[in-house]
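A predicted structure for the sequence below; I have some questions about it.
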Amino acid sequence: MTRNGNFKRKVRARAARTGESYTSALSHIRKPKTEPQTGAPAGKSLRLAVAQTTVCLDPRDADAFRANGAEMRLLMRQANEAGARLIHFPEGTICFPSKRLLSESGPREIGAADWSRYQWEVLREELEETRKHAKELKLWTVFGAPHRLTPPHRPHNSLYVISDRGELVTRYDERLLSHTKISFMYSPGRIPVTFEVDGMRFGCAAGIESHYHEIFTEYERLDVDCVLFSTSGEVPSAAPPFGAEVLGVAASNTFWVSYAAHAPQSVIAPCGIAGPKGQWVARCPDDGKPGIAIAEITTDPANLARPWRRNARGDLYRPHQIEGDPRSDSREAF
């Protein structure tokens, strides 16, 4: 009773001194000691949505292009209603063209792509509607689409970044392509791409680039907080390696990774958002249907894992290494 009475007197004394109500004074006195100290660096946060979408494989199917464009904008509205600041879509969101249906000697044989078969004008119309929708919703939008170049150059396999003002901010072109893509379909990109939303820095990757750890360590050196990785595919059995790699690169680089792919793969490996400790924080439905997942991604300036690993990848160990062949100095044998 004495301890309780002393506590109440302390609360009343603060209320009298500051003019606060008893409840307000109580909340200040009960404030946990673990709160950040004044002057400590604050972390950043952003609500991110990742989408899995219907896959269109036929580059000639204008109706499928339009249906996927409408689906994309529906998912944008759902993300906006959930409070998302940015939504991330798969590679080839409107259409991921089949290598066989694009092949000038196809569909039985895979040969040089005939890009005149692709519905470029319909794609342009759908992307313009999507740009307007991003502006209306004030929602950053990242989606996959081919980027046409002047003939005879092949297109890039790209990710477009549209701001909440409906402006094209940047474009990422896949750099490390599959054998078929580089042999018959696309021109490779050359540089990493980053952009910022509300102080959070994002990097972009596409296609099979989760297979290449160097893509992600490069983005770690560029101080990104999250990598948006967009891939594709209609065959569920191809998905598990990508999901495993996403968790691995998130953990080894201590940053967030968003994994966007097409809905058919979700029955084995749903799209999702991986946290810096290599765990799924949010995942889309595993029912093979379009959908979104939402996560509040944050940064923690007090986490020393990332700066330590960056230091370790440098010359940290060189002064401690023994010159010569250490095996020659062995005093004992097993």
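Looks like it arrived, so ask away. Keep in mind that this is a model prediction, so the values were computed, not measured.

Near residue 317, how many other residues are there?
Residue 317 has 10 neighbours, counted by other C-beta atoms under 10 Å. All C-beta atoms are positioned from the backbone trio N, CA, C, and that covers glycine.

Can you tell me how far it is from residue 304?
18 Å (C-beta to C-beta, to the nearest Å).

got any ranges where the stretch 101-250 of the chain has weak pLDDT?
Of all residues in the stretch 101-250 of the chain, none has pLDDT under 70.

Show me where it has its strands.
140-147, 156-162, 168-173, 194-197, 200-206, 226-230 (DSSP state E, counting those that start in this stretch).

In JSON lines, list those along with distance to residue 257.
As requested, the strands of the stretch 101-250 of the chain are arranged in JSON lines below (distance: least, C-beta to C-beta, whole Å):
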{"stretch": "strand 140-147", "distance to residue 257": "13"}
{"stretch": "strand 156-162", "distance to residue 257": "14"}
{"stretch": "strand 168-173", "distance to residue 257": "15"}
{"stretch": "strand 194-197", "distance to residue 257": "14"}
{"stretch": "strand 200-206", "distance to residue 257": "9"}
{"stretch": "strand 226-230", "distance to residue 257": "5"}
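
What residues are recorded as beta-bridge partners of residue 295?
residue 48 (DSSP bridges).

so it makes contact with residue 273?
Yes. Using C-beta atoms under 8 Å, residue 295 is in contact with residue 273, at 4.3 Å.

Of all the helix elements in the chain, which one is longest?
Assignment by DSSP state H gives helix 62-81 as the longest helix of the chain.

In this protein, which residue is most central in space?
Centroid-nearest residue in the chain: residue 228, 2.2 Å away (criterion: C-alpha atoms, centre = their mean).

For that one, which residues count as its bridge partners?
Residue 228 has these beta-bridge partners by DSSP bridges: residue 204, residue 258.

got any residues that touch both of residue 295 and residue 273?
Residues touching both residue 295 and residue 273 (C-beta atoms under 8 Å, 6 or more residues apart in numbering) are 48, 281, 282.

which among those residues gets closest to residue 205?
residue 48 (15.4 Å; C-beta to C-beta).

pLDDT at that closest one, what is it?
Confidence at residue 48, expressed as pLDDT, is 98.

before we move on, what about residue 38?
With respect to pLDDT, residue 38 has a value of 54.
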